[in-house]
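1. Whatever this is, show me its structure:
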Amino acid sequence: MNSSRRKFITQSALTVAGISLLKSNAFSKPFASDHIVGIQLYTIRDDMKKDPVATLKQLSSIGYTHVEHAGYSNRKFYGYSPADFKKILSDNGLTMLSGHSGLDGDRWNKSTNDFTDEWKYTFDDAAAVGMKYVISPGVDESLCKTEDDFKWYMNLFNKTGEMAKKSGVAFAYHNESYEFNHNLNNVRLYDILLKSTDPALVKQQIDIGNMYAPGGRAMEYLKNYPGRFFSMHVKDEIKSSTHEEGYESAILGTGVIGVKEIVDYAKKNGSTKHFIIEQESYQDKTPIDCAKEDLDIMKKWGY
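-> Numbering: from 1, shown residues only. Model prediction:
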C-alpha cells in the first residue's frame, strides 16, 4: 500500500544494474482467449533479488504463465538486457505483457522541451522484451499540490501516451493510496486524474486493495468509469496494527475487499482483461507460498 511499490521501483533503478535476475513473463492460463491471470513480481520481490531465475521457475511450476515486472532500470530488466530477459521468459514458458516504471516530473527536460532519453528508452525496451503496456505506479506527489502543477503533470501523462504509441506499446496508470486521501478543490485526486487523462492515451490499471484504507471502493469506480480499466491488481486487505494505514494485504478471500464479487463484475461488465495477483504482506507465510495460494483461489473461483 501507500507508495511502497513506487519507492521500491525507484530504489531498484539505482541498484539493480549489478543484479543478475530473471525468468519472467508469467500470468496464469487465461480463462478466456483474451483474458490473463498473472502475478506482479513485487509480490516476491526479495526472492527475485536473491535468485530471480529459480524464483521464476518456481512461479512457472506452480501454474503461472504471465508476470508483471517491478524491476527495470539502466535499460535492463532485473539486470538483464531486453533480449536476454525475453529469452529467459520464453525458455520458461512465461509471458510479460506489462510492467511498472514511474512517470515523475523529471522525465521531462524543460531545456529541450522534450522527454528525457531515459524515459524514451523505457518504451523502446518494453517493446523489445515483448511488453504491451508500461504502467506508472502512483504519482509524483510534488506535482499534486496545486491545480496548475497537476494540470501540467497530467499533460505529461497524455504526451507519454502519444510517445508510447511510436514504440508500439501503450502507457497506463496504477493507483496507490495517495490519490484517495488528497483533493484539489474538494475533488478527489484520482477522479481528477481519470478525467484529465485521455482514455485513448492513458490506460488504467485499478488496484482494488490500495484504495481501500483511504476510502476508495473498487466497485464504485468500475461502475462510474465503465470500460476504463484494462487491468486489475487483484488484492485483499485485512486490518493491521502495524501498518500506518490500518490495513495490510493478505490471501485472497480472507479480507474486507470482497475480491470475488469485484473480479466477477469486472470480467462480466468491464473491459478488464488482465487480472494481476499482488500481495505485499504475508502474515508469517512465505511470499512464494502466498503466490501459490492466491493462484489456487483464483482457479477455484473459475479463473
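2. For the chain, just list every one of the helices.
-> Applying DSSP state H to the chain gives helices spanning 4-15, 45-50, 52-61, 82-91, 117-129, 147-166, 189-196, 218-224, 259-269, 287-300.
3. Those helices: lowest mean pLDDT?
-> Between the helices of the chain, the lowest average pLDDT goes to helix 4-15, which shows a mean of 51.
4. Counting neighbours, what do you get for I297?
-> Neighbour count for I297, taken as other C-beta atoms under 10 Å: 19. All C-beta atoms are positioned from the backbone trio N, CA, C, and that covers glycine.
5. Contact partners for it?
-> 251-253 (C-beta atoms under 8 Å, 6 or more residues apart in numbering).
6. For it, give its distance to D284.
-> 18 Å (C-beta to C-beta, to the nearest Å).
7. for K166, same thing?
-> K166 is 47 Å from D284, where distance means C-beta to C-beta.
8. the more surrounded of these two?
-> Neighbours per residue (other C-beta under 10 Å) separate K166 from D284, with K166 holding more: 11 against 4.
9. give the contact list for the more buried one.
-> F123.
10. I'd say H66 and V37 touch.
-> Yes. Taking contacts as C-beta atoms under 8 Å, H66 lies within contact range of V37: 7.2 Å.
11. Out of the helices of the chain, flag the one nearest M232.
-> Minimum separation from M232 across the helices of the chain (C-beta to C-beta) falls at helix 259-269, 5.9 Å.
12. what angle sits between the closest one and helix 287-300?
-> 50 degrees (axes from the mean of the first three to the mean of the last three C-alpha atoms, to 10 degrees).
13. Can you mark which positions in helix 259-269 are buried?
-> Within helix 259-269, the residues that count as buried by 16 or more other C-beta atoms under 10 Å are 259-260, 262-263, 265-267.
14. cool, stretch 47-62 as well?
-> 47-49, 52-53, 55-60, 62.
15. Now for these: which two are most distant?
-> Of all the pairs that the buried residues of stretch 47-62 form, the one spanning the most space (C-beta to C-beta) is K49 and I62, at 19.5 Å.
16. could the helices of the chain be laid out in a markdown table, adding distance to I238?
-> Listed next are the helices of the chain as a markdown table, based on distance: least, C-beta to C-beta, whole Å:
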| stretch | distance to I238 |
| --- | --- |
| helix 4-15 | 17 |
| helix 45-50 | 20 |
| helix 52-61 | 24 |
| helix 82-91 | 33 |
| helix 117-129 | 34 |
| helix 147-166 | 33 |
| helix 189-196 | 23 |
| helix 218-224 | 16 |
| helix 259-269 | 12 |
| helix 287-300 | 13 |
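17. Ok, which of these comes nearest H174?
-> Per C-beta to C-beta, nearest to H174 of the helices of the chain: helix 4-15, 8.3 Å.
18. ok, the nearest residue to G227 once chain neighbours are set aside - how many residues close by?
-> Using C-beta to C-beta, 6 or more residues apart in numbering and skipping the chain neighbours, the partner closest in space to G227 is S271 (4.5 Å). Neighbourhood size, S271 [other C-beta under 10 Å]: 13.
19. ok now do S271, which residues does it touch?
-> With C-beta under 8 Å, 6+ apart, S271 has these contacts: 226-230.
20. hmm, back to that, of all the buried residues of helix 259-269, which comes closest to E245?
-> For those, the nearest to E245 is V259 (18.3 Å; C-beta to C-beta).
21. Would you mind confirming that P199 is in contact with R228?
-> Yes. If you go by C-beta under 8 Å, P199 and R228 touch, sitting 6.3 Å apart.
22. Which one of these two is surrounded by more residues?
-> R228 (18 against 13).
23. Excluding sequence neighbours, find me the nearest residue to that one.
-> Closest to R228 by C-beta to C-beta, 6+ apart is Q204, at 5.1 Å.
24. wait, isn't the one you found in contact with Y173?
-> Yes. With contact defined as C-beta under 8 Å, Q204 counts as touching Y173 (5.7 Å).
25. what distance separates stretch 250-266 from the centre of its chain?
-> Put simply, stretch 250-266 sits 18 Å off its chain's centre (C-alpha atoms, centre = their mean, to the nearest Å).
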